[in-house]
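K.L.:
What follows is a predicted structure for the sequence shown.
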Amino acid sequence: MNLNEMTAHELHDLLVGKKISSVELTTAVLDQIDRTEGSIGAYVSITRDQAIDAARAVDKKLADGESIGVLGGIPCAIKDNICTKGITTTCASKILENFVPPYDATVIAKLRAEEPIIVGKANMDEFAMGGSTENSGFHVTHNPRALDRVPGGSSGGSAAAVAGNEAIWALGSDTGGSIRQPASFCGVVGMKPTYGRVSRYGLVAYASSLDQIGPITKDVTDCAHVLNAIAGHDDMDSTSTAAPVPDYTKALVSDVGGLTIGLPKEYFAEGMDVEVERAVRSAAATYEKLGAKIKTISLPHTDYAISAYYLIAPAEAATNLERYDGVSYGVRIDGVDVVDMMKNTRTALFGAEVKRRIMIGNYALSAGYYDAYYLKALKVRTLIRNDFVEAFKDVDVILAPTAPTAAFKLGEMVDDPLKMYLQDVCTVPLNLAGLPGISIPCGETSTSLPIGFQLIGRALDEETLLRAAFTYEQQR
Ligand code: GLN
């Protein structure tokens, strides 16, 4: 097996055992990037020189007998909406094409303590708005498992980089499914932690009450390691929780005995691909065989989740994106006066989907419609949250498809935003409720496209998710 195809925990053992060097490993990943980027397009930028320098520094530490973190010396990709000091952070938007953050996001600062090797910034839907990475302002990303298909989105670059062995692991962000859905489409593991578990400081805001950063990895063990490195309270993010962070690797126990797993009937709705349904139900059967109790449950307000999400997220986005006015950040297009300059800048540099959401958001927030749309959506959000509270009285985890289909063809949905929004039916309820979720591969369609299922947990109970995911993974 080539080095770039291995997991972080396997590579860590090789590094500390002095079987390989970080430069050797980083070079293997950069070579893979050279070979495949032309057909995959997972990255917006590649930080080749910094990566090699950082790898040399780790090798020196190892040679000097110093210890390194579990992610130390291991190449990773960072979604391009996470601020990296001195490295362009574009959000795949032309409006931020030249933006070099003067500071690191908290997750990056925390990771730097472990000295991972950042090989590049991953492509995404512009400002994380989308589910296919086709909304990138720069280029589309192809699914490494089927080049004519999307990698999912919005963290499609992160998932494609990991699945295509162009990075060992990656960070993504999930506002309505953007870590879990691409992980499922590309056949890798992706976790959205509980809202507040990971600091959002330095994550460029899309919808602040929903956004959360999380790991995209090749297996569940790596997911636990990355979560260990990024979780925890941060004074710079007032929504981050003060709850203590456990050692997530302790949850990697192959045992689901005594666990009650709920199957929400609303998530197996009409329009779902039969092969996906079969694979997800067979994952449930595997759990049953392993000693878990399976229970059909109801989350009755699921049908309203998409409508609520597509009012709340655009409303927050419209507000958050007001800051791109050609004054303080990014690219400016001049005009005859300041208003004309702002108009020119925003007209020319925001893509169509971003503009659509700014319009929907401002409409929903406008004086005459606020009560009818935005306020109503917030009430629905509470109902959805209560559905989960009720369900978790009877079950420990909820098992559902991550997405209703496997990866669709590039171009298939770009002209039909509504159809694209409906793809998020299984993922957005968690964000509305602030709950954690993990997507794990569970087989393939007859045309060899990866299928993923999702485990949903109680708030701050990432440990049960990891335990259940790990147990399933051991069976494969
Ligand atoms: N597909 C959803 C959207 O377009 C989710 C995006 C995300 O999680 N960032 O908003």
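P.N.:
Sure thing, it's come through. What you see is a predicted model, and the numbers here were worked out from it, not measured in a lab.
K.L.:
need the residues of the chain near the ligand, please.
P.N.:
Taking Cβ under 6 Å from any ligand atom as the measure of proximity, the chain contacts the ligand at 128-131, 154, 174-178, 206, 313, 424. Glycine gets a C-beta too; all of them are placed from N, C-alpha and C.
K.L.:
Could you check how many residues crowd around residue 382?
P.N.:
Taking other Cβ atoms under 10 Å as the criterion, the count of residues near residue 382 is 13.
K.L.:
Name the residues of the strand or helix carrying it that are buried.
P.N.:
Secondary structure from DSSP states H and E places residue 382 in helix 376-391. Residues 376-377, 380-381, 384-385, 387-388, 391 are the ones in helix 376-391 that count as buried (16 or more other Cβ atoms under 10 Å).
K.L.:
So for that helix, mean pLDDT?
P.N.:
Mean pLDDT, taken over the full extent of helix 376-391, equals 98.
K.L.:
Give me the packing partners of that helix, helices and strands only.
P.N.:
Identification of packing neighbours for helix 376-391 by 3 or more Cβ pairs under 8 Å, 6 or more residues apart in numbering; DSSP states H and E yields helix 305-320, helix 428-433.
K.L.:
can those helices go into CSV with extra columns for distance to residue 247 and mean neighbour count?
P.N.:
Putting those into CSV (distance: least, Cβ to Cβ, whole Å; neighbours: other Cβ atoms under 10 Å) gives the following:
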stretch, distance to residue 247, mean neighbour count
helix 305-320, 33, 22
helix 428-433, 24, 27
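K.L.:
I'd say residue 132 and residue 149 touch.
P.N.:
No - counting by Cβ atoms under 8 Å, residue 132 does not reach residue 149; the two are 9.3 Å apart.
K.L.:
neighbour-wise, which of those two wins?
P.N.:
Just comparing residue 132 and residue 149: by other Cβ under 10 Å the higher neighbour count belongs to residue 132, 30 against 21.
K.L.:
Quick one: residues contacting the more buried one.
P.N.:
The neighbourhood of residue 132, defined by Cβ atoms under 8 Å, 6 or more residues apart in numbering, consists of 125, 150-153, 156, 408, 410, 413-414, 420.
K.L.:
quick one: which of the residues you listed sit in helices?
P.N.:
The helices, defined by DSSP state H, take in 156, 420 from the contacts of residue 132.
K.L.:
for the contacts of residue 132, which one is nearest residue 292?
P.N.:
Of all the contacts of residue 132, residue 292 sits closest to residue 152, with 27.7 Å by Cβ to Cβ.
K.L.:
circling back: overlap in contacts, residue 132 and residue 149.
P.N.:
Once Cβ under 8 Å, 6+ apart is applied, the residues that residue 132 and residue 149 both contact turn out to be 408, 410.
K.L.:
okay, now the residue nearest to residue 475 when sequence neighbours are not counted: neighbour count?
P.N.:
Leaving aside its sequence neighbours, residue 475 sits nearest to residue 286 (Cβ to Cβ, 6 or more residues apart in numbering; 5.9 Å). When neighbours are defined as other Cβ under 10 Å, residue 286 has 16 of them.
K.L.:
Can you classify residue 286 as helix, strand or coil?
P.N.:
For residue 286, the assignment made with DSSP: H, G, I helix; E, B strand; the rest coil gives helix.
K.L.:
That one reaches residue 471, doesn't it?
P.N.:
No - between residue 286 and residue 471 no contact is recorded; they are 9.1 Å apart, counting by Cβ under 8 Å.
K.L.:
So which of the residues of the chain next to the ligand sit within helices?
P.N.:
The members of those that map onto helices under DSSP H are residue 313.
K.L.:
looking at this, residue 44 is in a strand?
P.N.:
Yes - according to three-state DSSP, residue 44 belongs to a strand.
K.L.:
surely it meets residue 141?
P.N.:
No - Residue 44 lies out of contact with residue 141 (Cβ under 8 Å); the separation is 9.7 Å.
K.L.:
Give me the most central residue, the chain.
P.N.:
For the chain, the residue sitting closest to the mean C-alpha position, by Cα atoms, centre = their mean, is residue 179 at 2.2 Å.
K.L.:
can you pull out the strands in this structure?
P.N.:
Secondary structure of the chain by DSSP state E: the strands cover 43-46, 75-79, 117-122, 169-173, 189-192, 213-217, 260-264, 293-297, 397-401, 437-444, 450-457.
K.L.:
what's the closest of these to residue 319?
P.N.:
Using Cβ to Cβ as the criterion, the shortest distance between residue 319 and these is 17.8 Å, found for strand 169-173.
K.L.:
name the helices or strands packed onto the closest one?
P.N.:
With 3+ Cβ pairs under 8 Å, 6+ apart as the test, strand 169-173 has strand 75-79, helix 156-163, strand 213-217, helix 220-230 packed against it.
K.L.:
which of the ones you listed sits most buried?
P.N.:
Ranked by mean neighbour count, these are led by helix 156-163 with a mean of 35 (mean count of other Cβ atoms under 10 Å).
K.L.:
State the mean pLDDT of it.
P.N.:
Mean per-residue pLDDT for helix 156-163: 99.
K.L.:
do the same with stretch 87-104
P.N.:
When pLDDT is averaged over stretch 87-104, the result is 98.
K.L.:
Please apply the same query to stretch 60-70.
P.N.:
Confidence over stretch 60-70 (mean pLDDT, whole number) is 97.
K.L.:
Switch the strands of the chain over to JSON lines; also include mean pLDDT.
P.N.:
Output for the strands of the chain, formatted as JSON lines (pLDDT from 0 to 100):
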{"stretch": "strand 43-46", "mean pLDDT": "98"}
{"stretch": "strand 75-79", "mean pLDDT": "99"}
{"stretch": "strand 117-122", "mean pLDDT": "98"}
{"stretch": "strand 169-173", "mean pLDDT": "99"}
{"stretch": "strand 189-192", "mean pLDDT": "99"}
{"stretch": "strand 213-217", "mean pLDDT": "99"}
{"stretch": "strand 260-264", "mean pLDDT": "98"}
{"stretch": "strand 293-297", "mean pLDDT": "98"}
{"stretch": "strand 397-401", "mean pLDDT": "98"}
{"stretch": "strand 437-444", "mean pLDDT": "98"}
{"stretch": "strand 450-457", "mean pLDDT": "98"}
